[in-house]
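Engineer: sharing a model that was predicted from the sequence below.
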Amino acid sequence: MRSGRVPVKLVEGVAKIASRLSEPEDLDIPVAPRLAVAAAKNVGIQLRPPEDSIYCVICRRGPFTKRGYYLHLVRVHGSLIRQMIEDEIRRLEGSYLGQTG
């Protein structure tokens, strides 16, 4: 997968992980290579809010329900999450190439 082409399903998967609607191991996107799925999991974990109240870790809005936080992330921060996934894919590619080179 080229890092410039992050599918919407990956952005939605990250938002589901961050909002605790699903767990990272549940992210199953058959059209995406493993590298992209790993990047989505890493970014989703990075975006996870603290356990007590759900406030946005990016803009500090809230409080949200799990579903409300998911929708907020997809609608308001979708492009930022896409960029974070692209950066993570590049980082993982560099790490992988460094191990095999």
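Structural biologist: Nice, thanks for sending it over. Numbers count the residues shown, from 1 in each chain.

Engineer: for the residue lying closest to Ile29 once chain neighbours are set aside, give me the pLDDT.
Structural biologist: In space, and not counting its chain neighbours, Ile29 is closest to Lys9: 5.1 Å by C-beta to C-beta, 6 or more residues apart in numbering. C-beta: built from backbone N, CA, C; applies to glycine. For Lys9, the model assigns a pLDDT of 88.

Engineer: give the rounded mean pLDDT of the helix of greatest length in the chain.
Structural biologist: Longest helix in the chain by number of residues (criterion: DSSP state H): helix 66-100. Averaging pLDDT along helix 66-100 gives 90.

Engineer: element containing the spatially most central residue of the chain, please.
Structural biologist: Centroid check for the chain by C-alpha atoms, centre = their mean gives Val14 as the closest residue, at 2.8 Å. Assigned by DSSP states H and E, Val14 belongs to helix 8-18.

Engineer: so what secondary structure elements neighbour that helix?
Structural biologist: Other helices and strands packing on helix 8-18, by 3 or more C-beta pairs under 8 Å, 6 or more residues apart in numbering; DSSP states H and E, are helix 34-47, helix 66-100.

Engineer: what about Arg90, how many residues nearby?
Structural biologist: With neighbours defined by other C-beta atoms under 10 Å, the count for Arg90 comes to 12.

Engineer: correction: Arg91
Structural biologist: 13.

Engineer: do the one 3 residues further on as well
Structural biologist: Using other C-beta under 10 Å, Gly94 has 10 other residues around it.

Engineer: dump the residue contacts of Ala18.
Structural biologist: Residues counted as contacts of Ala18 (C-beta atoms under 8 Å, 6 or more residues apart in numbering) are 44, 47-49, 57, 69-70, 73.

Engineer: buried subset of the residues you listed?
Structural biologist: Neighbour counting with 16 or more other C-beta atoms under 10 Å marks 44, 47, 49, 57, 69-70, 73 as buried within the contacts of Ala18.
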